[in-house]
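Chemist: The amino acid sequence is not available; the structure is as follows:
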């Protein structure tokens, strides 16, 4: 995975830095549609050393919709 991803801190992260996730979006070269590409998630405390979870953008969107509905 490339370190050229543009990471941003989750809006659900706490202000004290103890429970933070960072997210980055990699757009598919074959399409510019919002439904394509990959979403990467990592632990902000570990930064570039953090293990990453990478999922298709449409799967990430379905997860977020479920999380909002169940919150």
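Modeler: Good, I have the coordinates. Small disclaimer: the values here were computed from a predicted structure and weren't measured.

Chemist: dump the residue contacts of the residue most central in space within the chain.
Modeler: Taking CA atoms, centre = their mean, the centroid of the chain lies closest to residue 23, which sits 2.9 Å from it. By CB atoms under 8 Å, 6 or more residues apart in numbering, the contact set of residue 23 is 7, 8, 10, 39, 40, 41. Heads up, the C-betas are built off the backbone N, CA and C, glycines and all.

Chemist: other SSEs contacting the worst-scoring helix or strand of the chain on mean pLDDT?
Modeler: Every helix and strand in the chain was compared by mean pLDDT, DSSP states H and E; the lowest is strand 8-9, with a mean of 86. Packing contacts for strand 8-9, counted by 3 or more CB pairs under 8 Å, 6 or more residues apart in numbering; DSSP states H and E, involve strand 21-26.

Chemist: Could I get the buried residue list for the helix or strand just after the strand it packs on?
Modeler: Remark: after strand 21-26, the chain's next helix or strand is strand 38-43, criterion DSSP states H and E. Buried residues in strand 38-43, defined by neighbour count with 16 or more other CB atoms under 10 Å: 38, 39, 40, 41, 42.

Chemist: Brilliant, that's me finished.
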